[in-house]
Each structure stands twice: as structure tokens, then as C-alpha cells.
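> Below is the sequence, then the predicted model.
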Amino acid sequence: MAVRDVLAALLVALLLGLAFVAIKVGLETLPPLLLTALRFLFAAFPAVLFVRPPRAPARLVLAFGLFHGVALFGLMFLAIALGMPAGLSSLVVQVQVFFTIGLAFALFRERPGGLQVVGGAVAACGVAIIAAWQAQSAALLPLLMVLAAALAWAAANLVVKAAGAIDMLAFMVWASLAATPPLLLLSLVFEGPAAAAHGLARADWRTGAVILFIAYPVTLLAFPLWNRLLARYPAATVAPFALLVPVVGIASTNWFLGEPFEPAEAVGGGLILTGIALNVLAARRKRARGGRGEPASGSASPPRALSAR
């Protein structure tokens, strides 16, 4: 990889890891669904006034908005608001890699390799350890919500695959527009106008900074950058940088927010990272056996460790 592309990959990992600190800070004042809605509202406006719709079927834009915006981040923000540590969330949600492989097999009959299956089993053991630990403190529901968010992320990955080689910035902008109305409606129904008004009244400069950060650098910069790298290089070359996201997430939430990282969580997290690393190794071996050159356009292989952020 060129030096500038390595720096771009590191920037993506940094932004997405720091996003979990921002989410935690934003939830101190705003209800989770409202915060999620505001994220995508600002990601859509004013960009939607200047960015042309992507050359993709409207149903795919809508589907991505629902899976990526409503399900993935709606559930993620709710889980963190209910007590799931933000740093741990950044790690557990990476099991989306294996959900993506499973969905690709179920829907497209893309059979995973033996090493990928082993990696998935190792990661599942890590999730089980974390689940057992969380259950002791009655925090199992938030963990299940993060796992459901990971499943939604996997579905969003397959939508991106179906969309093919398109302008990902335009895709993100218009999908953000599609996600905003249902998120606002869910916030109104489940959180209520009183909670929204109370949260907005308590909002300060930090709240505004959080919304702008997760809307623009995270949503409209990190994601298109990542997909540009996937279009330029093999997925097996780029994917290892995704392993830095939970590292940054855990380190930053511990440093800035004082979130503890318990020994059981460290063991489970280590198994998850090991499973993802095995998946990356499997992709490298598969490519080496194929003996192909680097693709000129984006690969649609499902096991991307970071393809729908």
C-alpha cells in the first residue's frame, strides 16, 4: 500500500474508534434514538442538496438506510444507553464479519473456507465468555442488542455488495436521508416528545460537537475512504486495519471515560480478535492460491471487517 493509503486506513480506524467515545458523551444529554436520528439528519443535510442520487436502485438505498442507520446504529446507541460499555461494543460488533459470511452462504451459497469456520468458532467462544460475564451483572440484554446490531451490519454489507461499484459518498448521503424519518418516528413513539425536548434543552456545545463528529468525519469521511481503499487494494490487504477499531475504541473509552476493561472481557475480546485475524488470514491464503493481481474495482467479498460503518 502507498504511504498515503496506509495513513488513510489509520485515519479511518482512529475516527471509528473515537466515535464510541463521542456516542457515550452524546448519550449523557440526548435519548439514544434521537441522537441516532440527528446523526443521520446532519449526514444527509445539506449534502443531499448538492450530491446527486447514487446510480443504484432506490430499494437498495432504502434497505441500506434501514439496516445501517435504523437497525445497526439504533440498536447500538440503545445498547450503550442501557449500560453496554462503549469500548466493549466497538469490539463485540466486529462479529459482523462472521454474520456476513453466514448470510452470504445462506443467500448466495458462498461457501466459507475451513479457516473461516474455525475463526468464527473462536470468535463465538469469545462472545460466549463476554455473555457469561455480562449476565452476572444483568447486562445481557444490551449485549444481545449489540449482536443484533452486528447482524444488521452484515445485512448492510450484502446490500453494498448488491449495489456494486457506485459512488459511496452519494450512497451514504441518500441512505442517511432514508434512515432519518423512521428514526425520528421511533424516537417520538418510544422516547416521547417530552424526553426529546428535555434532552435538547440540556444539550450543550459538547452535544453539538458529538453530532457533527459522528455525522461528518465518521459517516461521510471514514466510510467512503474505507471503500476507496477496498476498491484499490485486495480486501485481505485492507481488512487488518479494521482490527485497530476496537483497539482504539477500548483504549479511548478507558482513557477519556474511565471505562474499565475486566479480565473476562479481555479474554473474550482476545478470542474475537483472534477469530477475525484467522478470517483475514483465510482471505490472504485464498487470494494467494488464486494468483490474481490487485483488482481495479471494489471486491464484493463478504468478510470485510469494516464495510458498513
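That came in fine, so what should we check first?
> Is V118 within a helix or a strand, and which one?
helix 114-136 (DSSP states H and E).
> Pull out the buried residues from that helix.
For helix 114-136, the neighbour count (16 or more other CB atoms under 10 Å) marks 115-120, 122-123, 125-127, 129-131, 133-134 as buried. (Each C-beta comes from the backbone N, C-alpha and C, glycine too.)
> where's it relative to the chain centroid, distance-wise?
Taking CA atoms, centre = their mean, to the nearest Å, one finds helix 114-136 lying 19 Å from the centre of the chain it belongs to.
> again with stretch 38-58
For stretch 38-58, the separation from the chain centroid amounts to 19 Å (computed by CA atoms, centre = their mean).
> Can you list the buried residues in that stretch?
38-44, 47-48, 51, 54, 56.
> Contact partners for V146?
75-76, 79, 84, 89, 92-93 (CB atoms under 8 Å, 6 or more residues apart in numbering).
> how about 6 Å then?
79, 84, 89, 92-93 (CB atoms under 6 Å, 6 or more residues apart in numbering).
> buried residues in the helix or strand hosting it?
Following DSSP H and E, one finds V146 within helix 140-163. Buried residues in helix 140-163, counted by 16+ other CB under 10 Å: 142-143, 145-163.
> if we can go back for a sec, could I get the contacts of V146 in a markdown table, plus columns for distance to A277?
Output for the contacts of V146, formatted as a markdown table (distance: CB to CB, whole Å):
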| residue | distance to A277 |
| --- | --- |
| A79 | 25 |
| M84 | 24 |
| S89 | 20 |
| V92 | 16 |
| V93 | 17 |
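> Considering those, which possesses the most neighbours?
Counting neighbours by other CB atoms under 10 Å, V92 leads the contacts of V146 with 29 neighbours.
> CA atoms only: put the one helix or strand that residue maps to into CSV for me.
Assigned by DSSP H and E, V92 belongs to helix 86-92. Extracted C-alpha coordinates of helix 86-92, given in CSV (Å, rounded to 0.1, in the frame of the first residue of the first chain):
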residue,chain,number,x,y,z
ALA,A,86,-18.9,1.7,24.6
GLY,A,87,-15.4,0.2,24.2
LEU,A,88,-16.6,-3.3,24.5
SER,A,89,-19.4,-2.5,22.0
SER,A,90,-16.7,-1.5,19.5
LEU,A,91,-15.2,-5.0,19.9
VAL,A,92,-18.3,-7.2,20.0
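> and for the helix or strand just after that helix, what are the contacting residues?
As assigned by DSSP H and E, the chain's next helix or strand after helix 86-92 is helix 96-108. For helix 96-108, contacts defined as CB under 6 Å, 6+ apart pick out 110, 112, 116, 120, 123, 150-151, 153-154, 157-158, 276, 279, 302-303, 305.
> mind redoing it with 7 Å?
Helix 96-108 is touched from outside by 110-112, 116, 120, 123, 150-151, 153-155, 157-158, 276, 279, 302-303, 305, with contacts defined as CB atoms under 7 Å, 6 or more residues apart in numbering.
> cool, and stretch 260-268?
When contacts are defined by CB under 7 Å, 6+ apart, stretch 260-268 is touched by residues 87-88, 126-127, 129-130, 133, 250, 254.
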